[in-house]
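Q: Using only what follows, build the 3D model:
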Amino acid sequence: MSYAAIDAERVAKAAENALKTLQMTSSDSEVHQRKTAMIERIHALALAASQTQKTGVITLTSEEFWLISKNW
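A: Residues are numbered from 1 along each chain as shown. Sure thing, here's the model as predicted:
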């Protein structure tokens, strides 16, 4: 599995955009619910990291990165 350290503020914005995109779909499937929950978690962690002094970086797996970038 690949990992990357990415600017947390950018990840938080991307996750927020992905959540908006997911909210516009009218799916109640389990897959949709799991994607939403995972992106909400990524958003919360990235937001916290972006607000922490002297860090501003979050590490994502390639799967997590793909998940939020696919919904931009």
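
Q: wait, isn't Phe65 in contact with Ala4?
A: Yes: in terms of C-beta atoms under 8 Å, Phe65 counts as a neighbour of Ala4; the distance is 6.6 Å. Glycine gets a C-beta too; all of them are placed from N, C-alpha and C.

Q: out of these two, which sits in the more crowded spot?
A: Phe65 (17 against 12; other C-beta atoms under 10 Å).

Q: which residues touch that one?
A: 4, 6 (C-beta atoms under 8 Å, 6 or more residues apart in numbering).

Q: How about whichever strand or helix holds it, which residues are buried there?
A: Using DSSP states H and E, the element containing Phe65 is helix 62-70. Using 16 or more other C-beta atoms under 10 Å as the test for burial, helix 62-70 gives 64-65, 67-68.

Q: Ok, stretch 33-47 next?
A: Buried-residue list, stretch 33-47, by 16+ other C-beta under 10 Å: 35-36, 38-39, 42-43, 45-47.

Q: before we move on, what about stretch 23-36?
A: If you call a residue buried by 16+ other C-beta under 10 Å, then stretch 23-36 has these buried ones: 35-36.

Q: Which strand or helix spans the residue with the largest distance to the centre of the chain?
A: Most distant residue from the mean C-alpha position of the chain: Lys54, 21.0 Å away (C-alpha atoms, centre = their mean). For Lys54, there is no host helix or strand (DSSP H and E).
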